[in-house]
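Undergrad: the following comprises the amino acid sequence and a computationally predicted model.
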Amino acid sequence: MNYLKELNGFMTWIETNPLSATTQALWFHLMHINNKTGWREWFTTSNTTLQAKIEVTEATLIKHRKILIDLKRIEYEPQGRKAGKYKLISFENTVCKEEPESDKPDAPSEKTPEAQQEVDEKMKNAFELFENRTARTIGPMEVQRLGYMVEDYGEEQVMEAMKLAFRNKGSNVGLNYIEAILSNPLSQKRKEKQQYANKQQNTKYGRGDGGSHERTSGKVGSIFGGQVGRLRRKG
C-alpha cells in the first residue's frame, strides 16, 4: 500500500460516502497501525488498543467497525480472546484492477499470501511484546529491525532475549541492547555476572578497609604516643 494514496483515496471517497468523525478516526488509526506493521494484508490489534486511541467504549467501537465492514472498507475476523484480525480494503488496488494487464506484474507480493501470513504471525508476537512492555507504539524502522531479528534468530530466541532485556532494564529498553544479547548472549551474561561480583567485592573491601584503617590508626597512635613520652623524659 501507498500511505499517501490511501489517505487521498479515503478523503475523496468520503465526499460521496459521508462518515461520522468517530468512524473516520477508526479508519485512520487502523491505517496507521497497518503502516507501522509494514503493510501486512492481515494485521492484529486489540479492542482495548483501539478504544484508547479513539476514546470510546467497546460497544461504540464495535458499532463503528461494523459501519466500515458494511461499506467494504475493512474486513474483520475475531480471534476469541486474542486480538482480532483486520484487513484494509485498498483504494489503490481498486484502481489497479481497471488497468491493462501489462501493469499486473507490478504486484509480485500477492503470489504467496499463505507463506507471507505465516511469517507475519511469527513476527506479531515480538511486536506485541515490545509494544506492551515499552508502553508505546513501535515505529516503522523498529518493525523492520525486529523483523530481521526474527528471520535471523527465530521467534523463540528473540522473545527470550527481549524478556531478559526487560528484566534487566525495565521498560527503558532499546533494540541495540536486545541485539547485543542475541549476537553474543554468553558475553552479555558474563558481563552481568561480573558487574554483580564487582558490587559484592566493593562492599566487602569497603568494610575491610574501614576496619583496617581504624585498627592501624589505633596502633600508630599508641606507638607514637610512647615515643613522645620517652623523648620528654630524656629532655
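TA: Yes, it's here.
Undergrad: neighbours of the residue nearest to Leu19 when sequence neighbours are not counted, how many?
TA: Distance criterion CB to CB, 6 or more residues apart in numbering; nearest residue to Leu19, sequence neighbours excluded, is Ile67 at 7.1 Å. The way it works is simple: take the backbone N, C-alpha and C, and place the C-beta from them, glycine included. If you count neighbours by other CB atoms under 10 Å, Ile67 ends up with 16.
Undergrad: so which strand or helix has Ile67?
TA: Assigned by DSSP states H and E, Ile67 belongs to helix 58-70.
Undergrad: for the following helix or strand past that helix, packing partners?
TA: The helix or strand immediately downstream of helix 58-70 is strand 74-79, counting by DSSP H and E. Secondary-structure packing of strand 74-79 (3 or more CB pairs under 8 Å, 6 or more residues apart in numbering; DSSP states H and E): helix 58-70, strand 82-88.
Undergrad: where in the protein is pLDDT low?
TA: Judged by pLDDT under 70, the chain has its weakly predicted residues at 93-124, 135-141, 185-194, 204-235.
Undergrad: hang on, the earlier thing: I'd like the helices and strands packed on strand 74-79 as a markdown table, with distance to Glu6 appended.
TA: Formatted as a markdown table, those follow (distance: least, CB to CB, whole Å):
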| stretch | distance to Glu6 |
| --- | --- |
| helix 58-70 | 14 |
| strand 82-88 | 8 |
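Undergrad: let me know which of the ones you listed is tucked in deepest.
TA: Highest mean neighbour count of the helices and strands packed on strand 74-79: strand 82-88, a mean of 17 (counted as mean count of other CB atoms under 10 Å).
Undergrad: packing partners of that strand?
TA: The contact analysis (3+ CB pairs under 8 Å, 6+ apart) places strand 82-88 against helix 21-36, strand 43-45, helix 47-54, strand 74-79.
Undergrad: tilt between that strand and helix 21-36?
TA: If you take axes from the mean of the first three to the mean of the last three CA atoms, to 10 degrees, strand 82-88 sits at 90 degrees to helix 21-36.
Undergrad: wait, which of the helices and strands packed on strand 82-88 is closest to Thr60?
TA: helix 21-36 (6.9 Å; CB to CB).
Undergrad: and the closest one, what does it pack onto?
TA: Counting by 3+ CB pairs under 8 Å, 6+ apart, helix 21-36 packs on helix 3-13, strand 43-45, helix 47-54, helix 58-70, strand 82-88, helix 140-153.
Undergrad: run the angle between it and helix 140-153 for me.
TA: 40 degrees.
Undergrad: buried residues in helix 21-36, which are they?
TA: By neighbour count on 16 or more other CB atoms under 10 Å, the buried set for helix 21-36 is Thr23, Gln24, Ala25, Leu26, Trp27, His29, Leu30, Met31, Ile33, Asn34, Asn35, Lys36.
Undergrad: you'd agree Ala76 is up against Tyr86?
TA: Small correction: residue 76 is Tyr, not Ala. Yes. Counting by CB atoms under 8 Å, Tyr86 is a contact partner of Tyr76 at 5.8 Å.
Undergrad: distance of the residue nearest to Ala83 when sequence neighbours are not counted relative to Ile33?
TA: Setting aside the residues directly before and after it, Ala83 is nearest to Ser46 in space (CB to CB, 6+ apart), at 3.9 Å. Separation of Ser46 from Ile33 (CB to CB, to the nearest Å): 11 Å.
Undergrad: likewise Ile67?
TA: 18 Å.
Undergrad: ok, now which ones touch Lys72?
TA: Ile89 (CB atoms under 8 Å, 6 or more residues apart in numbering).
Undergrad: what's the burial count for Val143?
TA: Around Val143 there are 19 residues (other CB under 10 Å).
Undergrad: which phi and psi does the spatially closest residue to it that is not a sequence neighbour have?
TA: Distances taken as CB to CB, 6+ apart place Gly38 nearest to Val143, at 5.2 Å, with adjacent residues excluded. For Gly38, the backbone dihedrals (degrees, to the nearest 10) come out as phi 90, psi 30.
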